[in-house]
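Enquirer: got a predicted model here, sequence first, then my questions.
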Amino acid sequence: MKMKFLFLSEIKNEQIISFLLKKGKVDWEKEKLSLERASQYDWIISLGYRHIISQQIIDASKNPIINLHISYLPFNRGAHPNYWSFKENTPKGVSIHFIDTGIDTGPILIQKKCNFSRTDTLATSYLKLKSEIEKLFYASFHKIITHEIIATSQTSQGTFHKKSDLPDGIDWNININDI
């Protein structure tokens, strides 16, 4: 029997959807997830999803909900993690973790630190992080869904930013060294 996946994301990521289609049936959702809908899927995967997922939905899900986050957690939880990693000089990277009721506070499955060149901009560094999180997801997918990777609690406070924390008029083509 093929698995059923729900991919939660503001933007329809065709690469991730195509990858999941090789494993089973896939639906995409950008609106707020309902309790009834959540219980219909074997696995729910989130990337850049802007809605908070309630404890009821977490509990109703057949498996822990997986989040793909473009920061090296616990640093830069929340919105615009790429910008804040350069602004605050925190570790840069990507993390795959289970969702809990906090914002990017759930147990971490796997992480990877990333390096950037002197010529990178906020825009190019974002694209590199997006590519890295996708590659990490593809490489670790089987071990995640077979529970071969044991999630570990986040160990420090880290940092958190809301969408409204981002200064107005950010130039995404600014060189990362000029932030």
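Expert: Structure's in. What do you need?
Enquirer: helices or strands next to the helix or strand bottoming out on mean pLDDT in the chain in the packing?
Expert: None of the helices or strands of the chain scores lower by mean pLDDT, DSSP states H and E than helix 35-38, at a mean of 94. In terms of contacts (3 or more Cβ pairs under 8 Å, 6 or more residues apart in numbering; DSSP states H and E), helix 35-38 is packed against helix 55-60. Every C-beta, even on glycine, is put in place using the N, C-alpha and C of the backbone.
Enquirer: which residues are in contact with the least confident helix or strand of the chain?
Expert: If you take Cβ atoms under 8 Å, 6 or more residues apart in numbering as the criterion, helix 35-38 is touched by 6, 29, 44, 54, 56-57, 60-61.
Enquirer: what are the buried residues along that helix?
Expert: Buried residues in helix 35-38, counted by 16 or more other Cβ atoms under 10 Å: 37-38.
Enquirer: coming back round to it: just among the contacts of helix 35-38, which is most surrounded?
Expert: When the contacts of helix 35-38 are compared by neighbour count (other Cβ atoms under 10 Å), residue 44 ends up highest, at 28 neighbours.
Enquirer: what is the neighbour count of residue 27?
Expert: Residue 27, neighbours per other Cβ under 10 Å, totals 15.
Enquirer: same question but for residue 170, I mixed them up
Expert: 13.
Enquirer: tell me the spacing between it and residue 121.
Expert: Residue 170 sits 11 Å away from residue 121, going by Cβ to Cβ, to the nearest Å.
Enquirer: hmm, back to that, tell me the one of the contacts of helix 35-38 nearest residue 108?
Expert: residue 44 (17.4 Å; Cβ to Cβ).
Enquirer: which one of the contacts of helix 35-38 is nearest to residue 139?
Expert: residue 44 (19.9 Å).
Enquirer: doesn't the closest one fall inside a helix?
Expert: No - according to DSSP: H, G, I helix; E, B strand; the rest coil, residue 44 belongs to no helix; its state is strand.
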